[in-house]
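Trainee: I would like the atomic coordinates for the input below:
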Amino acid sequence: MILPAGRLDAVLAATWPAAQTCACGPFTLRRSPGGGSRVSAATLDADTVPDAAQIDAAVAAMTGWGQVPRFRIRDGQARFDTLLAARGFTRHDPTLFQAASLTALPGPPPRLSAFAIWPPLAIADEIWRGGGIGPDRRAVMDRVTGPKTAILGRVGDKPGGTAFVAAHDGVAMMHALEIRPQARRKGLARQMVAAAAAWARDRGCTDLAVAVTQANAPARALYAGLGLVEQGRYHYRAGVADAG
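Mentor: This is a model prediction of the structure:
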């Protein structure tokens, strides 16, 4: 099972949308103050090599918005990546797409161990805030116009984790999986992925995908153990003033 890079890019854009997008030559620019790199990075719309003037125009537009110029570089854009490196743009947050067919994922989790609910309960927002997912990133979830839900996971009779799932073009993508420290290493994340898969099946999806940073070894191992395989990679190049 291979999901094309363009399809995954479209799913990412639809399930974690920027507050504002606009075209700038061969680029799509994104603006979302406080929403993180995924919703503030420009992307090159084709695997062509932009010229210096086109890059300058994109940089000027992002700077005019008051945000550090940042580009997301996907597989097949090595020459563009080299151009940005030569201009002093720093590489950060290499990320993997991992995905699996829903037929290969576990069935529904045990009753009341994890369930889908939208809008999220207050405890879900509390868990997200504890993991650094504050109002700006919550606003990203609220902007999604397609099918979406929050997954609330429980250990015993206590809420222990939450995640956001949204669907586009037959693919459900899970974002913002957060497990409370006291609920870790108890199988909760697996139960929440199973709940996400069950929700996705009910909405006619065929696949479940995630975007996980390469540095997040525990999450990558979790998804690989459930059968999610690497489908592609991307990373960012940001202006030298970027603090990370």
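Trainee: pretty sure Q67 contacts S40?
Mentor: Yes. Q67 sits in contact with S40 when judged by Cβ atoms under 8 Å, with a separation of 5.7 Å. For the C-beta atoms, the positions are set from N, CA and C on the backbone; glycine is no exception.
Trainee: what sits in contact with each of these two?
Mentor: R31, P33 (Cβ atoms under 8 Å, 6 or more residues apart in numbering).
Trainee: Looking at these two now, which is surrounded by more residues?
Mentor: S40 (25 against 18; other Cβ atoms under 10 Å).
Trainee: That one reaches P17, doesn't it?
Mentor: No. Counting by Cβ under 8 Å, S40 sits too far from P17 to count as a contact (11.8 Å).
Trainee: Which positions in the top helix by length along the chain come out as buried?
Mentor: The longest helix of the chain (DSSP state H) is helix 188-202. Buried positions in helix 188-202, judged by neighbour count with 16 or more other Cβ atoms under 10 Å: 188-201.
Trainee: Name the nearest of these relative to D45.
Mentor: Within the buried residues of helix 188-202, proximity to D45 (Cβ to Cβ) peaks at A200, which comes in at 27.7 Å.
Trainee: ok, what's across the strand from the closest residue to the closest one other than its chain neighbours?
Mentor: The shortest distance from A200 to any non-neighbouring residue, by Cβ to Cβ, 6 or more residues apart in numbering, is to A172 (3.5 Å). With beta bridges defined as DSSP bridges, A172 has these partners: A167, L208.
Trainee: Who are the contact partners of A172?
Mentor: If you count contacts by Cβ under 8 Å, 6+ apart, then A172 has V165, A166, A196, A197, W199, A200, R203, C205, D207, L208, A209 around it.
Trainee: Against G34, how distant is it?
Mentor: 25 Å (Cβ to Cβ, to the nearest Å).
Trainee: could you show me where the helices are in the protein, in order?
Mentor: For the chain, the helices identified by DSSP H occupy 5-15, 52-64, 78-86, 122-130, 135-143, 188-202, 217-225, in order along the chain.
Trainee: So for F115, which of those helices sits nearest?
Mentor: Taking these one by one with Cβ to Cβ, helix 188-202 is closest: 6.1 Å.
Trainee: okay, the angle between the closest one and helix 217-225?
Mentor: Here helix 188-202 points in a direction 50 degrees away from that of helix 217-225 (axes from the mean of the first three to the mean of the last three Cα atoms, to 10 degrees).
Trainee: Show me what helix 188-202 is packed up against.
Mentor: strand 114-117, strand 148-155, strand 158-168, strand 171-179, strand 207-213, helix 217-225 (3 or more Cβ pairs under 8 Å, 6 or more residues apart in numbering; DSSP states H and E).
Trainee: before we move on, the earlier item: from T90, how far off is the residue nearest to A200?
Mentor: When distance is defined by Cβ to Cβ, A172 is 33 Å away from T90.
Trainee: same question, D207
Mentor: Counting by Cβ to Cβ, the gap from D207 to T90 is 33 Å.
Trainee: what does D169 give?
Mentor: D169 is 33 Å from T90, by Cβ to Cβ.
Trainee: Phi, psi for V68 please.
Mentor: Dihedral pair for V68: phi -60, psi 130, per degrees, to the nearest 10.
Trainee: thinking it is in contact with A238, fair?
Mentor: Yes. V68 is in contact with A238 according to Cβ under 8 Å; the separation is 5.8 Å.
Trainee: of these two, who's got more company?
Mentor: Higher neighbour count among V68 and A238: A238, with 21 against 17, using other Cβ under 10 Å.
Trainee: Spit out the contact partners of T48.
Mentor: The contact partners of T48, taken as Cβ under 8 Å, 6+ apart, are P26.
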